[in-house]
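In: Predicted model, plus sequence, below.
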Amino acid sequence: MHVTARDTLLYMLYPMIALVSGMAFAVLLYPFDFLLGSPRYWTSIQGDSAINWIAYVAFAQDDWRLPVLNTTLLHPPAGTNIFFADPIPLLALLGKVVFKATGYLPNYLGPWVLVSYGLQSMVGYLLLREAPLTRLSALAGSALFLLVPTFIFRIGHLPLLGHWTLSLALLLYVRIAGQGRVCDVCFGMAFTVLLVLVNPYLQAMAMVIYLAALGDGTLRRTLSPRLAIAFGVLLFAVVLCFGLGLGLVDPNRRLSGEGGFGHFSMNALSPIFPQ
């Protein structure tokens, strides 16, 4: 099939429109100084966002330690692992690298929200195109991804605004189960593992979706059982190694019950009996 320049332009244009539309929606909802990470807003931030920001600042200003996410500037002298303060560890690591190299401390939390709204709409468009819907129908439907109640309720919980990761996991599910391409299987595993450094809840849900894609691909015979089992086992092994290496899994650590930790966490009965 011959692909023209016009086809390529349309292929790129509609996702970009969805991306810009989602970011424009964020601009309408949030103060501009918040989205840009301006000190005029962030010096008086409160709630969970303040916890995310304080953990990141302490981590960035501290020396490099092992495990790599540890800092002794919080809860001295023992220190703490910033993973449990939920500052999006992947971006915190990148921010610390920039700070150590230049002395400039980038605020990624506001821009994360802006980009997350854009990706929420754009990945929604790509997912609807797999349905398949026409470009215009998928573009119109992508706006509805910004109005999903569970996404709206995450306002104030900055890491969990990355709901686009779940839409991307569903997109990979459709491609893995339907086509069984090894490149999608590999990308799906790498993406699922990387979410360990984004948010544990998002990672857990994406992991279930990925494992379901492997199982569904096996049932549809688009994936060989041997390949599906191999990637499933590899995923568990890599996630466990990540957890151990980053100090996230420690049998000697007693988890705190302060601040609602453990109370507001979702369990298997939550869809039937919400907290």
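Out: Yes, it's here.

In: Now do the buried residues in the lengthiest helix in the chain.
Out: Using DSSP state H to assign secondary structure, the helix with the most residues in the chain is helix 5-29. Neighbour-count burial for helix 5-29 flags Y14, P15, I17, A18, L19, S21, G22, M23, F25, A26 (criterion: 16 or more other Cβ atoms under 10 Å). C-beta coordinates here come from the backbone N, C-alpha and C atoms, glycine included.

In: now stretch 159-168
Out: P159, L160, L161, G162, H163, W164, T165, L166, S167, L168.

In: go on, stretch 87-102?
Out: Buried residues in stretch 87-102, counting neighbours by 16+ other Cβ under 10 Å, are found at P87, I88, P89, L91, A92, L93, G95, K96, F99.

In: Strands of this protein, start to end?
Out: 70-71, 80-81 (DSSP state E).

In: Lowest mean pLDDT across those strands, which one is that?
Out: When the strands of the chain are ranked by mean pLDDT, strand 80-81 comes last with a mean of 90.

In: What strands line up against it, and which way round?
Out: The partner list of strand 80-81 in its sheet, established with DSSP bridges, is strand 70-71 (antiparallel).

In: what about this structure, any weak spots by pLDDT?
Out: The model of the chain has pLDDT under 70 over residues 1-3, 5, 7, 250-271, 273-275.

In: if we go to 50?
Out: 258 (pLDDT under 50).

In: mind listing the helices for it?
Out: 5-29, 32-36, 39-42, 48-61, 89-102, 109-129, 135-142, 149-152, 164-179, 182-194, 200-220, 225-245.

In: okay, those helices in JSON lines with distance to A78 next?
Out: Output for the helices of the chain, formatted as JSON lines (distance: least, Cβ to Cβ, whole Å):
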{"stretch": "helix 5-29", "distance to A78": "38"}
{"stretch": "helix 32-36", "distance to A78": "33"}
{"stretch": "helix 39-42", "distance to A78": "28"}
{"stretch": "helix 48-61", "distance to A78": "14"}
{"stretch": "helix 89-102", "distance to A78": "19"}
{"stretch": "helix 109-129", "distance to A78": "26"}
{"stretch": "helix 135-142", "distance to A78": "47"}
{"stretch": "helix 149-152", "distance to A78": "36"}
{"stretch": "helix 164-179", "distance to A78": "32"}
{"stretch": "helix 182-194", "distance to A78": "28"}
{"stretch": "helix 200-220", "distance to A78": "22"}
{"stretch": "helix 225-245", "distance to A78": "19"}
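
In: So for P67, which of these sits nearest?
Out: Ranking the helices of the chain by proximity to P67 (Cβ to Cβ) places helix 225-245 first, at 6.8 Å.

In: count of residues packed around the residue nearest to F242 when sequence neighbours are not counted?
Out: In space, and not counting its chain neighbours, F242 is closest to V196: 4.9 Å by Cβ to Cβ, 6 or more residues apart in numbering. Neighbour count for V196, taken as other Cβ atoms under 10 Å: 21.

In: okay, now the closest residue to S49 other than its chain neighbours: neighbour count?
Out: Among residues not flanking S49 along the chain, L158 sits closest, at 5.7 Å (Cβ to Cβ, 6+ apart). By other Cβ under 10 Å, 23 other residues sit near L158.

In: Over to T150?
Out: 9.

In: Next up, the contacts around it.
Out: Contact partners of T150, counting by Cβ atoms under 8 Å, 6 or more residues apart in numbering, are H163.

In: measure it to M205 for me?
Out: 11 Å (Cβ to Cβ, to the nearest Å).

In: sorry, back to before: kindly reformat the strands of the chain as CSV containing distance to T222.
Out: Below are the strands of the chain laid out as CSV (distance: least, Cβ to Cβ, whole Å):
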stretch, distance to T222
strand 70-71, 43
strand 80-81, 40
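
In: okay if I get those strands as TSV plus mean neighbour count and distance to D216?
Out: Below are the strands of the chain laid out as TSV (neighbours: other Cβ atoms under 10 Å; distance: least, Cβ to Cβ, whole Å):
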stretch	mean neighbour count	distance to D216
strand 70-71	22	39
strand 80-81	20	35
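
In: That concludes my questions; thank you for your assistance.
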